[in-house]
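output the structure for:
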Amino acid sequence: MNKQVRNWIIVLGLGLIIWMIPTPEGLTPNAWRLFAIFAATIAGFILQPIPMGAVAFIALTFCAITGVLKVGQALLGFGDSTIWLIVCAFFLSRAFIKTGFGRRIAFVIIKYIGRSAVSLGYSIALSELVISPAMPSATARGGGVFYPIVQSLCNAFDSEPGPTAGRIGKYLMQVGYHTDAVTCMMFLTSMAGNPLCVGLAKSTLGVEITWMGWCIAAIVPGLISLFLVPLVLLKIAPPELKSIPGARNLAIEELGKMGPMSFQEKVLAFVFVMCLILWATGSWTKLNATAIAMLAVAVMLLTNVLTWKDVLTEKGAWDAMFWMGGLVALATALAKSGFIAWIAKLIGTAVGSAGLGWVTSFIVITLLYTYSHYCFASVTARISAMYAAFIAVAAACGAPALLVALAFGFFANCPISLTHYGNGCGPVYFGAGYVSQNEWWRNGFIVCTINVVIWLTIGFFWWKCIGLF
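Numbering: from 1, shown residues only. Modelled structure (predicted):
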């Protein structure tokens, strides 16, 4: 039996077994069947008997044919604004490569701080920390701003997907993604779903969360997590180029060869700064992050920085749209079916009846809330589906209301690290092709778990110091 056949048997067998199990009390048969398809799809993403985009397409087709979802529901994910923001981020990255502007930025960074792989990792982390409070779209920040620069750094050291990925590309791609996840936890305005937590906390528990209150509670564990990410990845995803002694001279030499900026580079620089400003001021201008990214692509097409052929041949963008769009459709439908609410109620009842103290109950509920993110392709969707239910359960167990409201806001973002679909910039970094899915999930689990430990130990002590309990 070859590997592809074996993987198909596992994927289809899992879906069939769940499908045939009698529908649990409290769920509709359709919700249970949808869960069976969703579980089989995730298994297909992991084992990949065929590419992920094809797995997602087959799953949606099966949903439509069997009537589990209407055709419009099955195709809902392809109209999701985050999906198109991801696609536009790929196009922006293509422009960075095509014009050479990304290469220029990379060599400027290398010239000043490119002494080692870890110093480049910390430059990414520090940049994320500085920009994140002003940019509430994690997808725009990670996929549109930092990914093109990270990719250019990889290319500058001749690290491409495939045999040379391990030179430095694997390391930098993962640093970029995981630091984006940490900064989402640190500020109320660094992720679009965080303000939703504020509203739900007020309506569910009657507590007020301010920007400064969020920042103060997150700053100590957040800075520790941000400091550790490049070091942890240095151990679990070590680059071949740990030390780069001649990097400064190389950068100076290459910048000299490139000469002055071309017209296309200048246009792209303008577009890049425009996106930064518009994304950062989105709360005032009310411009959607995806609309801004679309404007950037339109300007690049009008000025011939990108051609339509460039857009059509950007395979990574269209592949990401298929598998991420399919997953978003399934995850959204699963939440609307009542399955997630049913699971949350089941957990709440089990924990509440166990008679544990509030600290133990809080930790158990937090861990369940965090690692449930394997079932979601959107942080905001998980907050919408689970945040109110879980904070209500934790508070009912005796945990202080403000502590619960803040902590579950932080842990809404922590598990972004777990998968390549953990948030919108995941498909962009993963789609670069430097890191296999097995490595991505393994390293993501390690990074996420280390962050969980930091926030539940040092974070807990810090929250005690500032009077949250």
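
sketch out the low-pLDDT regions of the stretch 301-450 of the chain for me.
Within the stretch 301-450 of the chain, no stretch has pLDDT under 70.

buried residues in stretch 433-449?
434-435, 440-441, 443-449 (16 or more other Cβ atoms under 10 Å). No exception for glycine: its C-beta is placed from N, CA and C like everyone else's.

contacts for stretch 18-31 next, please.
Outside stretch 18-31, the residues that touch it by Cβ atoms under 8 Å, 6 or more residues apart in numbering are 32-33, 35-37, 39-40, 68, 334, 337-339, 342, 345.

so which of the residues you listed belong to strands?
Judged by DSSP state E, strands contain none of those.

which non-adjacent residue is nearest Y371?
P415 (6.5 Å; Cβ to Cβ, 6 or more residues apart in numbering).

quick one, what contacts the one you found?
Here P415 is in contact with 370-374, 422, 448 (Cβ under 8 Å, 6+ apart).

so which of those is the most crowded?
G422 (30 neighbours; other Cβ atoms under 10 Å).

quick check, that residue in a helix?
No - counting by DSSP: H, G, I helix; E, B strand; the rest coil, G422 is not found in a helix; it is coil.

dump the residue contacts of it.
So G422 contacts 181, 373, 379, 415-416, 444 (Cβ under 8 Å, 6+ apart).

show me which pair in those is furthest apart.
Greatest spacing in the contacts of G422, by Cβ to Cβ: V379 and G444 (14.4 Å).

okay, helices next: where are they in the stretch 301-450 of the chain?
Using DSSP state H, counting those that start in this stretch, the helices assigned to the stretch 301-450 of the chain run over residues 308-312, 315-336, 339-353, 358-371, 379-382, 388-396, 401-413, 426-431, 437-465.

among the ones you listed, which is the most enclosed?
helix 426-431 (a mean of 28; mean count of other Cβ atoms under 10 Å).

send over it as CSV, restricted to the C-alpha atoms.
Provided in CSV are the C-alpha atoms of helix 426-431 (Å, rounded to 0.1, in the frame of the first residue of the first chain):
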residue,chain,number,x,y,z
GLY,A,426,-0.4,32.3,8.3
PRO,A,427,-1.1,31.2,4.7
VAL,A,428,1.2,33.9,3.5
TYR,A,429,4.3,32.9,5.5
PHE,A,430,3.5,29.2,5.1
GLY,A,431,2.8,29.7,1.4
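
which residues does it contact?
The contact list for helix 426-431, computed with Cβ under 8 Å, 6+ apart, reads 86, 89-90, 93, 139, 142-143, 147, 150, 173-174, 176-177, 316-317, 319-320, 323-324, 416, 419-421, 437, 440.

mind running it again at 6 Å?
The contact list for helix 426-431 (Cβ atoms under 6 Å, 6 or more residues apart in numbering) reads 86, 89, 143, 147, 173, 176-177, 316, 320, 324, 420.

and for stretch 107-121?
So stretch 107-121 is contacted by 123, 168, 171, 175, 230, 234, 239, 241-244, 247-248, 251, 254-255 (Cβ under 6 Å, 6+ apart).

so where's the stretch 151-300 of the chain uncertain?
For the stretch 151-300 of the chain, no range has pLDDT under 70.

identify each buried residue in stretch 187-202, please.
Applying 16+ other Cβ under 10 Å to stretch 187-202 flags 187-198, 200-201 as buried.

list the contacts of it.
With Cβ under 6 Å, 6+ apart as the criterion, stretch 187-202 contacts 132-133, 136-138, 183-184, 207, 209, 211, 214-215, 379-380, 383, 387-388, 405, 409, 413.

quick check: end-to-end length of it?
Start-to-end span of stretch 187-202 (Cα to Cα, to the nearest Å) is 18 Å.

distance from it to the middle of the chain?
16 Å (Cα atoms, centre = their mean, to the nearest Å).

equivalent analysis for stretch 28-44, please.
With Cα atoms, centre = their mean, you get 23 Å for stretch 28-44.

what about it, average pLDDT?
For stretch 28-44, mean pLDDT rounds to 92.

just the C-alpha atoms of that stretch, please, in CSV.
This file holds the C-alpha atoms of stretch 28-44, laid out as CSV (Å, rounded to 0.1, in the frame of the first residue of the first chain):
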residue,chain,number,x,y,z
THR,A,28,-28.8,18.6,14.9
PRO,A,29,-27.8,15.8,12.5
ASN,A,30,-26.6,18.4,10.0
ALA,A,31,-24.3,19.9,12.6
TRP,A,32,-22.8,16.5,13.4
ARG,A,33,-22.3,15.7,9.7
LEU,A,34,-20.7,19.0,9.1
PHE,A,35,-18.3,18.2,12.0
ALA,A,36,-17.4,14.9,10.3
ILE,A,37,-16.6,16.7,7.1
PHE,A,38,-14.6,19.4,8.9
ALA,A,39,-12.6,16.7,10.9
ALA,A,40,-11.8,14.8,7.7
THR,A,41,-10.7,18.1,6.0
ILE,A,42,-8.3,18.9,8.8
ALA,A,43,-6.9,15.4,8.6
GLY,A,44,-6.6,15.9,4.8
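
sweet, I'm off.
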